[in-house]
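> structure of the sequence below:
(one chain, ligands or ions: 2)
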Amino acid sequence: MTDNIAREIARDPNRVLIFDTTLRDGEQSPGASMTLEEKLAIAELLDEMGVDIIEAGFPIASEGDFEAVSEIARRARNAVICGLARANFRDIDRCWEAVRHARRPRIHTFIGTSPLHRAIPNLDKDQMAELIHDTVTHARNLCDDVQWSPMDATRTEHDYLCRVVEIAIKAGASTINIPDTVGYTAPRENAALIRMLLERVPGADRVVFATHCHNDLGMATANALAAVEAGARQIECTINGLGERAGNTALEEVVMALKVRHDIMPYTTGIDTTRLIQASRMVASASGFPVQFNKAVVGKNAFAHESGIHQDGVLKNAQTFEIMRPEDVGLSASSLPLGKHSGRHALRTKLRELGYEVSDNQLMDVFVRFKALADRKKEVYDEDLVALMEAEASTAANERIRLKHLRVVCGTESPQTADLTLEIDGREESTRATGDGPVDAAFNAVKALVPHPQARLELFQVHAVTEGTDAQATVTVRLAEDGHIATGQSADTDTVVASTRAYINALSKLMVRRTKTAPGALSA
Ligand code: KIV
Ligand code: ZN
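Residues are numbered from 1 along each chain as shown. Ligands and ions are numbered 1, 2, ... in the order given. As a prediction, the model looks like this:
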């Protein structure tokens, strides 16, 4: 265990460490892959908001993962930076090569210990125990801070689990993570498991126990909190609950539950909760997984009161229907819209309230887009600005293709026709294409100018940002090519323009990825 973390827990036995795995387990969610720039921005925010440990990736999985973990390790100021490794020396060495640049590095090594998982490498109990001893010892020889996980712990025989946890502790692991890999456990059972390990395993009092829950039965948050009540002091979680299948424990949910119900769960975290909305929006935009409207804590409707009785109550006394204040999670208290007469100063102040710090140059660019939007839309709401900022972020890092001009003819007579001009790597090219509807026509025009026959459209999603017929639409497009997935996002009051921009954002990302994997293959 690194000094700072050991000190933190010793000073306050009720301090719960937050281990964020958005960039590892979260990114494992099919279609959620993120670019290096997006991962760096997310890691920076997690570090700033007080996440104790950031699991930055799985360094042996790909060059991209290795690069991301190394760069995050170099840049992190406070958080421990952790990489994942399977139970073999090659994985562990590669992981160490990536995390060693951090001020506070951690190696996290794991192996499946349940009967089903033991059968895969075809190891008997003794052989697996020996492997655990050897791999944790190897990791510990490289790094002072080693975390070990018996994958599928909640379906592992208790005697065997105690035996291997003891071996890992003796070999030098200072954090023992107990994963509910398939989201199978329930709160009472998860708590009993942690209690059992704390009581039975020699040396358990010298290490931190972590809980890592998946949400297959919708119990990940409850299971994690139950584990904390039983003595776990590290929660593994992701922003927006992103993760494989139904996802992981949501960071914002456990953190706010511990804050709001401190009376019955007297545990603290180091998280600045006013950054939660910003983190949620950033992860939604980078992963292309929008947050459901009724998502606890960070959903669009989490603080919206529709019914007259609720609205009346909240206006008289917010506590009648609100258990937390919007400001506590980073939603601005005032929601007065901006308009076309609003100046740069008002825009900067509003962006700051929404959690976006912009340089003077960025402000100039955003101001131009804001004015264009305000010209078309009488009132520009917080949601419009968020959509504008997220679309800007999705574009900036990957802009190989720019939309210069688009005119689409649509209506009851088909086919619909799109006239499109793109700037591709600095060169302007135009075409006309038809399609089954305006979006299809526009996408066909993009395909004609930038042929990409191998890429498959996996997702096309449209959301209205606000109400009213002049609302902006946020569009998400996901393309898959040769095992690579790229997600683009854009927002505009014109749905076809937003769709086309989102499509070319995703395509730009694919083009960037192609250059990384095969230099020179950039004829698209
Ligand atoms: O769910 C799981 O078991 C994991 C391990 C790698 C910790 O993510
Ligand atoms: Zn997991």
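
> need the contact list for the residue nearest to G50 when sequence neighbours are not counted.
Beyond its immediate neighbours in the sequence, the residue positioned closest to G50 (C-beta to C-beta, 6 or more residues apart in numbering) is G270, lying 4.1 Å away. Any C-beta I mention is one placed from the backbone N, CA and C, and that applies to glycine too. G270 makes contacts with E8, R15, I18, G50, V51, D52, as judged by C-beta atoms under 8 Å, 6 or more residues apart in numbering.

> which pLDDT does the model give G270?
We note a pLDDT of 97 for G270 in this prediction.

> what does T395 give?
Among the per-residue scores, T395 shows a pLDDT of 70.

> what about it, which SS state?
Using DSSP: H, G, I helix; E, B strand; the rest coil, the secondary structure recorded for T395 is helix.

> same question, A441
With three-state DSSP as the basis, the three-state label of A441 is helix.

> what is the burial count for it?
Summarising burial for A441: neighbours were counted as other C-beta atoms under 10 Å, giving 26.

> can you tell me the closest non-neighbouring residue to it?
Nearest one to A441, counting by C-beta to C-beta, 6+ apart, is G435 at 3.3 Å.

> dihedrals phi and psi, that neighbour?
Listed backbone geometry of G435 is phi -170, psi 180, with angles given as degrees, to the nearest 10.

> quote the end-to-end distance of stretch 110-128.
Using C-alpha to C-alpha, to the nearest Å, the end-to-end distance of stretch 110-128 comes to 12 Å.

> scratch that, stretch 231-238 is what I was asking about
21 Å.

> pLDDT on that stretch, on average?
Averaging pLDDT along stretch 231-238 gives 98.

> do that stretch and ligand 1 meet at all?
No - in this structure, stretch 231-238 remains apart from ligand 1 according to C-beta under 6 Å from any ligand atom; the gap is never smaller than 7.4 Å.

> next, the buried residues of that stretch.
G231, A232, R233, Q234, I235, E236, C237, T238 (16 or more other C-beta atoms under 10 Å).

> max pairwise distance over these: which two?
In these, two members sit farther apart than any others by C-beta to C-beta. They are G231 and T238, at 22.8 Å.

> ok, residues contacting stretch 26-33?
Taking contacts as C-beta under 8 Å, 6+ apart, the residues outside stretch 26-33 that touch it are 34, 39, 57, 238-239, 242-244, 247-248, 283, 287-289, 458-459, 478, 480, 484-487.

> recalculate using a threshold of 6 Å.
By C-beta atoms under 6 Å, 6 or more residues apart in numbering, the surrounding residues in contact with stretch 26-33 are T238, L242, G243, E244, S287, F289, R478, I485.

> ok, whichever residue of the stretch 301-450 of the chain sits closest to ligand 1 - contacts?
Evaluated by C-beta to the nearest ligand atom, the stretch 301-450 of the chain has V329 as its residue closest to ligand 1, separated by 26.3 Å. With contact set as C-beta under 6 Å, 6+ apart, V329 has these partners: T273, L276, I277, V297.

> isn't C162 up against V201?
Yes - judged on C-beta atoms under 6 Å, C162 makes contact with V201 at a distance of 5.2 Å.

> between those two, who's got more neighbours?
For C162 against V201, the residue with the higher neighbour count under other C-beta under 10 Å is V201, and the figures read 21 against 18.

> residues contacting the more buried one?
C162, V165, E166.

> list just the nearest of the residues you listed to ligand 1.
Proximity to ligand 1 was ranked across the contacts of V201 by C-beta to the nearest ligand atom; first place goes to V165, at 14.0 Å.

> quick check: phi and psi on the residue lying closest to that closest one once chain neighbours are set aside?
Among residues not flanking V165 along the chain, V201 sits closest, at 5.0 Å (C-beta to C-beta, 6+ apart). Backbone torsions of V201, given as degrees, to the nearest 10, read phi -90, psi 120.

> okay, V201: pLDDT?
pLDDT at V201 comes out at 98.

> quick one: it from S280, how far?
Applying C-beta to C-beta, to the nearest Å, one obtains 37 Å for the distance of V201 from S280.

> what's the closest non-adjacent residue to F110?
S149 (3.8 Å).

> count the neighbours of the one you found for me.
A count of neighbours around S149, defined by other C-beta under 10 Å, yields 25.

> I'd like to know which helix or strand in this structure has the lowest mean pLDDT.
Counting by mean pLDDT, DSSP states H and E, the weakest-scoring helix or strand in the chain turns out to be helix 308-316, with a mean of 63.

> could you point out which element follows it?
The first helix or strand that comes after helix 308-316 along the chain, using DSSP states H and E, is helix 344-353.

> skip ahead from that following helix and say which helix or strand is next.
Tracing the chain C-terminally past helix 344-353 and defining elements by DSSP H and E, one meets helix 360-376 next.

> in contact with I111, which residues?
Contact partners of I111, counting by C-beta under 6 Å, 6+ apart, are A87.

> any part of the helix or strand it falls within near ligand 1?
Using DSSP H and E, the element containing I111 is strand 105-112. Yes - against ligand 1, strand 105-112 shows contacts by C-beta under 6 Å from any ligand atom at F110.

> so how far is that strand from its chain's centroid?
Relative to the centre of its chain, strand 105-112 is centred 20 Å away, using C-alpha atoms, centre = their mean, to the nearest Å.

> got the phi and psi for the closest residue to L242 other than its chain neighbours?
Setting aside the residues directly before and after it, L242 is nearest to G26 in space (C-beta to C-beta, 6+ apart), at 3.7 Å. When read as degrees, to the nearest 10, the backbone of G26 gives phi -60, psi -50.

> check A491 too.
phi -140, psi 140.

> any idea which element the nearest residue to it once chain neighbours are set aside lies in?
For A491, ignoring the flanking residues on the chain, the nearest one in space by C-beta to C-beta, 6+ apart is A387 at 3.6 Å. Secondary-structure assignment from DSSP H and E places A387 in helix 382-396.

> from the contact counts, what lies against that helix?
Secondary-structure packing of helix 382-396 (3 or more C-beta pairs under 6 Å, 6 or more residues apart in numbering; DSSP states H and E): strand 484-492.
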